[in-house]
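K.L.:
how would this look folded up:
(chains A, B, C and D)
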2 protein chains.
Amino acid sequence: MAARVTATSIVDAISNDLRTRILEGELTSDLALTETEMAASYDVARPTAKAAIEKLVSEGLLVRGAHKSARVAELGPDSVRDIYRARAYLESEVLRRLAVTRTVPEGAVQANRDIAAVAGGSALDVVEPDMRFHTSLIDAVGNERLSKMYRSLVSEVRLCMVRVQSLNLLDTALIQAEHQRILELIAEGDGPGAAQLLDEHLSRARERLAAAIGGEAGPEAHHPSSLHPSSLHSS
Amino acid sequence: MAARVTATSIVDAISNDLRTRILEGELTSDLALTETEMAASYDVARPTAKAAIEKLVSEGLLVRGAHKSARVAELGPDSVRDIYRARAYLESEVLRRLAVTRTVPEGAVQANRDIAAVAGGSALDVVEPDMRFHTSLIDAVGNERLSKMYRSLVSEVRLCMVRVQSLNLLDTALIQAEHQRILELIAEGDGPGAAQLLDEHLSRARERLAAAIGGEAGPEAHHPSSLHPSSLHSS
DNA sequence: CTTGCATACTTGCTAGACAATCGTGGAGGT
DNA sequence: ACCTCCACGATTGTCTAGCAAGTATGCAAG
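P.N.:
Below is the predicted model of the structure:
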């Protein structure tokens, strides 16, 4: 398995590169991704760029109207709640099933160890092992479709995360402790307890993230919560 | 809202038509869907047909290798179990949450009424209201992403269903009774009870469907479980 | 019977072009 | 001065034509 990273196709290579650039915050929702520019910057034909864009649109990372340019998806507080609630639906049931067999995924405990390891570093470094913790739990049930669904949600979560530069809203120690407790509850066979704790865990993160995203509408918006009707014309 | 069915784009129209033809069994996995043939039959250019095919590939209804023609996905018993388990994961947690607020979706009770109405007719007519019953439950929580995920699973289920012509494996009365009991448990606020009953409900359907799909390898296969090595050359 | 090669078919991608549509800006009327 | 309407540029949707690359199949040779 020497050459595993070989790009299977050009459109896949472009879409992968675009995905990482989006998830790293290089591409924001304020600049339009026209097919022509994309084709020129990657030195490919326009249909190729078009296919790459449409792939990311189908993943939910880009949005595009009828004849308009594609833009990075702008996820508001309502979308954040939608995403996190979907996460909770999937993951809490998974915890119940894992608790029945008392299955504690090794990847999850390792991921939680990594969270503790970066406790002193940047808050952004917590995001990766945190996501790895949750995906490890999902993957532990060995359901291909479930894992794919959850991965799609994780992508959107990371898209939200990259928009809030000041991630001081993450209490690393608390996150790590709650993860640990969840694993313990699974080991004890307490499915409902693990599910409920996860629910609280995700609810807290959800509301913090929703507030952080809803409150930052640019430097000129003083009172985002008190917008008057004249400011909403189309959307 | 007079013109609602207007095709937003040609590729969408083609992919929609293809989807219905696949789900109705007109297109089976034994014939190759060539891009040029598709383009010729719909009288469009090849890139258009290509886009429509790739859209269905991303939905999981079609599969395609490196430089090979697209074919209708062939879902084996293992895939059936994967799909039904994913359904169970999503839906059982939904039932728990619906039971908390004792929310009984009107669409679900109507769908179950429709199941009883077609009890005397063809077994195939049960599939549609049955799916509608389950999707109504999912939609009741009002989560956009969750509904989309479940709809994707339902598509694959229907793809499996169309392969088993003799659907005498469906006990309409039993299905309808179990659905009714699930709704009652929700109304009583018994989330775990509803979740467990649903689990048994789906498990039974899953194993029947898996057996029906795994055991039908054509009219000439007398003993599907005892095939000798010389009969499997490539696939 | 197996192995190797050549050919046909299909897809991946490119280049260029035209029509349809959306957004924007300016001309004209009130 | 303000509003309405039209024309223009920009962008996407789709088409035509074609070349390159890969896969599969058939045939010939060992």
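
K.L.:
Tell me how far A:L95 lies from DNA strand D.
P.N.:
Remark: distance between A:L95 and DNA strand D (CB to the nearest atom of the strand, to the nearest Å) = 41 Å. Any C-beta I mention is one placed from the backbone N, CA and C, and that applies to glycine too.

K.L.:
Is that residue in contact with A:P192, as I believe?
P.N.:
No. A:L95 lies out of contact with A:P192 (CB atoms under 8 Å); the separation is 9.1 Å.

K.L.:
Counting neighbours, go ahead and name the busier of these two.
P.N.:
Applying other CB atoms under 10 Å in any protein chain shown to A:L95 and A:P192 shows that A:L95 carries more neighbours, namely 28 against 15.

K.L.:
For whichever strand or helix holds the more buried one, buried residues please.
P.N.:
Assignment of secondary structure by DSSP states H and E places A:L95 within helix A:77-100. Taking 16 or more other CB atoms under 10 Å in any protein chain shown as the basis for neighbour counts, the residues of helix A:77-100 that come out buried are A:77, A:79-99.

K.L.:
One more: stretch A:179-195?
P.N.:
By 16+ other CB under 10 Å, the buried positions in stretch A:179-195 come out as A:H179, A:I182, A:L183, A:L185, A:I186, A:D190, A:G191, A:G193, A:A194, A:A195.

K.L.:
ok, now which ones touch whichever residue of chain A sits closest to chain B?
P.N.:
Here chain A gets closest to chain B at one residue, A:E93, 4.0 Å apart by CB to the nearest CB. A:E93 sits next to A:A195, B:Y89, B:L90, B:S92, B:E93 when contact means CB atoms under 8 Å, 6 or more residues apart in numbering or on different chains.

K.L.:
now these in TSV, with distance to DNA strand C?
P.N.:
Below are these laid out as TSV (distance: CB to the nearest atom of the strand, whole Å):
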residue	distance to DNA strand C
A:A195	42
B:Y89	32
B:L90	32
B:S92	38
B:E93	37
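
K.L.:
between the residues you listed, which is nearest A:H67?
P.N.:
If you rank these by distance to A:H67 using CB to CB, B:L90 comes first, at 35.5 Å.

K.L.:
neighbours around the nearest residue in space to the closest one that is not next to it in sequence, how many?
P.N.:
With CB to CB, 6 or more residues apart in numbering or on different chains as the criterion, B:L90 has its nearest non-adjacent residue at 5.7 Å, and that residue is B:Y150. B:Y150 is flanked by 23 other residues according to other CB under 10 Å.

K.L.:
circling back to that earlier point, could you dump the contacts of A:E93 to TSV with distance to DNA strand D and pLDDT?
P.N.:
Written out in TSV, the entries for the contacts of A:E93 read as follows (distance: CB to the nearest atom of the strand, whole Å; pLDDT from 0 to 100):
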residue	distance to DNA strand D	pLDDT
A:A195	42	97
B:Y89	35	97
B:L90	31	97
B:S92	39	97
B:E93	36	97
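
K.L.:
which pair in those spans the largest distance?
P.N.:
When the contacts of A:E93 are compared pair by pair using CB to CB, the farthest-apart members prove to be A:A195 and B:L90, with a separation of 14.2 Å.

K.L.:
which residue ranges form the strands in chain A?
P.N.:
A:62-63, A:71-72 (DSSP state E).

K.L.:
Quick check: which helices or strands does the first one pack against?
P.N.:
Using 3 or more CB pairs under 8 Å, 6 or more residues apart in numbering or on different chains; DSSP states H and E as the contact test, the elements touching strand A:62-63 are helix A:46-59, strand A:71-72.

K.L.:
Which elements pack onto the last one?
P.N.:
If contacts are counted by 3+ CB pairs under 8 Å, 6+ apart, strand A:71-72 sits against strand A:62-63.

K.L.:
what's the spacing between the strand it packs on and its chain's center?
P.N.:
Per CA atoms, centre = their mean, to the nearest Å, the displacement of strand A:62-63 from the mean C-alpha position of its chain is 15 Å.

K.L.:
interface residues of chain A facing chain B?
P.N.:
Along chain A, the residues adjacent to chain B under the rule CB under 8 Å from any CB of the partner chain are A:8, A:47, A:51, A:54-55, A:58, A:66, A:82-83, A:85-86, A:89-90, A:92-94, A:97, A:141, A:143-146, A:149, A:153, A:192.

K.L.:
redo that, cut-off 7 Å
P.N.:
By CB under 7 Å from any CB of the partner chain, the residues of chain A that approach chain B are A:47, A:58, A:82-83, A:85-86, A:89-90, A:92-94, A:143-146, A:149, A:153.

K.L.:
you'd agree A:R21 is up against A:T28?
P.N.:
No. Applying CB atoms under 7 Å as the test, A:R21 and A:T28 come out as separate, 10.4 Å apart.
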